[in-house]
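In: Here you go, sequence then predicted model.
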Amino acid sequence: MMLDLPVIPTQEQQARRPEWLKVRAPGGEDYARIKSMMRSKALHTVCEEARCPNISECWNAGTATFMIHGDTCTRSCGFCAVKTGRPLPVDYDEPRRVAEAIASMNLKHAVITSVNRDELKDGGSTIWAETIRFSRELSPTTTIEVLVPDFKGNMSNLQRIIDARPDILNHNTETVPRLYKHVRPQGRFQWTLDVLAESKRQGMRTKTGVMLGLGETPAEVLDVMSELVKVQVDVLTLGQYLQPTKNHLPVDRFVHPDEFKHYEVEGLAMGFNVVESGPLVRSSYHAERHV
C-alpha cells in the first residue's frame, strides 16, 4: 500500500505530541453527508481507511480521495493503517460507482488511489483505467489525479493507466532507500523511480510523497529529493509519519516545522514545480492546487 496517513489520535496520544501535530476529531454537516453517500455506493475512501487527520477539512470542502479495489491490501508495509490480507474478488462495477460519486459531489478535482493487488496478473490496472475513463465520461471538466502502486516494476500494467491520461500521476516514494526493507519490505526504491520516470517520459505531470520521522537523516532526505529531481518529478509532498497503532513502526522523531520549511526551500531551488512540506501534509492534501 502506498499511503502515508496516520490514525486520528486519542486524547492521551494527542497530549504526547508537539502542539503542531494536534488535530480535532472529524465532524461537520458535509462530512456526514459525504460519508453517507460513500456507504450508499459501497465505496471506500483513503480518508477513512488511512484515518487522515485532514479528513474534516477536505470533506467539508466537498473533496475526497477514493480508494478502489477494496479495503484490503496484499502488502504489509510497517507504516500503513490499511489492513493486510486476502482481498475480495475484483468488483467490475466499481469504476461506474466511483464515477457516479465524483459526479454527485460535483468535484473540480478528484483523487483516486488503491490498495496493492499483487495477486492479480494486471496488478489491478484494468479497473484503474476503467475508473478514469468512466469518470471522464460523467465529469468531463473534473481533473483527475491517480495515486498508483508500483506494479512491481511492470511497465505494461502502468501503461494501461498512462493510456487513460489522468491529469496527475502520483506514486509515493514513502521513505529513503536505506529504510525500504524495514518500512515497505515488498517495495523497491528503483521500482518507484521507474514508475515516475516512465510516466514523465510519456508526458504525465508527476508527483510523489515522502514521510519523515521513520529514522532517516536530513542528508538522506535531500539525497532522495535529488534523485526525484533527476527523473523530473513535478510535485513533492513531505509530511510527518505518525504511528497508526502500537503494532506499526514507531515514530523515530517529530520533525520541527522549521525543518519542513527548509526542505520546501531546498526543493524549489532543486527544480520541483511545487513542494508541499509540513507536519500534517499528506499526498492528497491541497491536491487541487497541483494540477
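Out: Arrived safely.

In: So T74 versus F151, what's the distance?
Out: Going from T74 to F151 by CB to CB, to the nearest Å gives 12 Å. To be clear about C-beta, it is placed using only N, CA and C from the backbone, and glycine gets the same treatment.

In: the more surrounded of these two?
Out: Ranked by neighbour count (other CB atoms under 10 Å), T74 and F151 place F151 first, with 26 against 20.

In: Report the rounded mean pLDDT for stretch 114-125.
Out: For stretch 114-125, mean pLDDT is 96.

In: Please identify the buried residues of that stretch?
Out: Neighbour counts over stretch 114-125 (16 or more other CB atoms under 10 Å) mark 114-118, 120, 122-125 as buried.

In: repeat for stretch 222-234
Out: Buried, per 16+ other CB under 10 Å, within stretch 222-234: 222, 224-225, 227-228, 231, 233-234.

In: Please produce CSV containing those, extended by pLDDT, secondary structure and distance to I102.
Out: Output for the buried residues of stretch 222-234, formatted as CSV (pLDDT from 0 to 100; DSSP: H, G, I helix; E, B strand; the rest coil; distance: CB to CB, whole Å):
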residue, pLDDT, secondary structure, distance to I102
L222, 98, helix, 37
V224, 98, helix, 32
M225, 98, helix, 32
E227, 98, helix, 34
L228, 98, helix, 29
V231, 98, coil, 29
V233, 98, coil, 26
D234, 98, coil, 23
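
In: residues contacting the closest residue to R133 other than its chain neighbours?
Out: Setting aside the residues directly before and after it, R133 is nearest to A164 in space (CB to CB, 6 or more residues apart in numbering), at 5.7 Å. Shown in contact with A164 (CB atoms under 8 Å, 6 or more residues apart in numbering): 128-129, 132-133, 136.
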